[in-house]
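K.L.:
Sequence first, predicted coordinates after that:
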Amino acid sequence: MTPDLAVDVDCVTRRFGAVVALDDVSLTVRPGELVGLLGPNGAGKSTLLSLVSGLRRPDSGTVRLLGGDPRDARSRTGLGITPQETGLPATLRVREVVDFVAGHFPDPVPTGDLLEQFGLTEQARRQTGALSGGQRRRLAVALALVGRPRVLLLDEPTTGLDVGARHALWEAVRAYHADGGTVLLTSHYLEEVQALAQRVVVIDRGVVRADDALDAVLRRVSLRRVVLTAPDDLSAWTGVVRAERPANDAADPARQTLLTSDADALVRDLVLGGIDFRDLEIRGASLDEAFAEMVAVR
Ligand SMILES: Nc1ncnc2c1ncn2[C@@H]1O[C@H](COP(=O)(O)OP(=O)(O)OP(=O)(O)O)[C@@H](O)[C@H]1O
């Protein structure tokens, strides 16, 4: 055990009846890190967060939060958490909920500042039951930050949000992190993890399958994306393992993305084949592809 870790999960197993939700999982998060936890449905992400937040106990192994037992209320004073389901009291007004939660902390963020940061100033007097799904989500994340936590656990913070609301939330998470905060977040949006996290932990069926810097995880994937505009459909071209095309009514329906393990060979081949392409771009794989490759190989 290292005492100065924000989160220290050591050889943890947790079962639900016959289901092994976490199988000998070890994971550490240092203060100031922003870690993305990725995994398909049922991988064990929420179970892991529930152990770190002291809501559940491991069957074996140990979990430490800020050096203490997360089931001890003193360890949790430094914790902010937004679970997947947020049960807000429907008849309380937004400002009242924030004030109520703020009352539990010695040095809370002023309610007005917090509401402004999360774009909820206009809704301050509205009952939480009358908020839209996106506004409710933003309020839930705001509540996790009201006590100036040292560690923030976010379980799919932007599920169901539109693009604007999602980006606003990302900004809030980035600002918190830039101030020295530690974040462990789960997400189904790979784009979200790619946009926020410095480190990615991939978990699948209760087992950690990758734990590395975002760039290193991406480098592990050999696939390259060749993006170009061409009149012909190139999805069946030799060397193309998968292709993506925009909808016919898209701004540039002839723009296509070709996934290949050898971009140089593919481009040479297209030239030799007389394909009239333009605006060629070659990129590494996205986290989406890295993830698919990692959870497919077993
Ligand atoms: N309270 C419970 N009772 C029984 N089984 C459970 C319970 N909670 C989780 N499980 C099981 O443990 C496994 C891991 O679930 P968990 O919710 O941690 O996954 P997850 O990665 O968070 O999934 P999702 O992305 O769908 O939220 C699943 O097989 C799930 O069915």
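P.N.:
Received it, and whenever you're ready, just let me know what you need. Numbers count the residues shown, from 1 in each chain.

K.L.:
Tell me who's in contact with the residue minimising distance to the centre of the chain.
P.N.:
To find the centre residue of the chain, average its C-alpha atoms and take the closest one (CA atoms, centre = their mean): that gives S187, at 3.4 Å. Applying CB atoms under 8 Å, 6 or more residues apart in numbering to S187 gives the contacts 36-38, 156-159, 193. Glycine gets a C-beta too; all of them are placed from N, C-alpha and C.

K.L.:
any idea of the mean pLDDT for stretch 273-290?
P.N.:
Mean pLDDT, stretch 273-290: 84.

K.L.:
Identify the residues contacting that stretch?
P.N.:
Under the criterion CB under 8 Å, 6+ apart, residues 38, 190-191, 193-194, 200, 214, 217-232, 234, 237, 255, 259, 263, 267, 270, 293 lie in contact with stretch 273-290.

K.L.:
Type out the ChimeraX command that picks the buried ones from those.
P.N.:
To isolate the buried ones among the contacts of stretch 273-290 in ChimeraX, judged by 16 or more other CB atoms under 10 Å, type:
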select :38,190,193,194,200,214,217,218,221,223,224,225,226,228,230,234,237,255,259,263,267,270
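
K.L.:
So which of the contacts of stretch 273-290 belong to strands?
P.N.:
Judged by DSSP state E, strands contain the following of the contacts of stretch 273-290: 38, 200, 224-229, 255, 259.

K.L.:
Show the overlap between the residues you listed and what lies near the ligand.
P.N.:
Among the ones in strands among the contacts of stretch 273-290, no residue lies close to the ligand (CB under 6 Å from any ligand atom).

K.L.:
Redo the residues you listed as CSV? Include pLDDT and distance to P89.
P.N.:
Converted to CSV, the ones in strands among the contacts of stretch 273-290 look like this (pLDDT from 0 to 100; distance: CB to CB, whole Å):
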residue, pLDDT, distance to P89
L38, 88, 32
V200, 90, 36
R224, 84, 51
R225, 87, 47
V226, 93, 53
V227, 93, 49
L228, 94, 54
T229, 94, 53
R255, 92, 49
L259, 87, 48
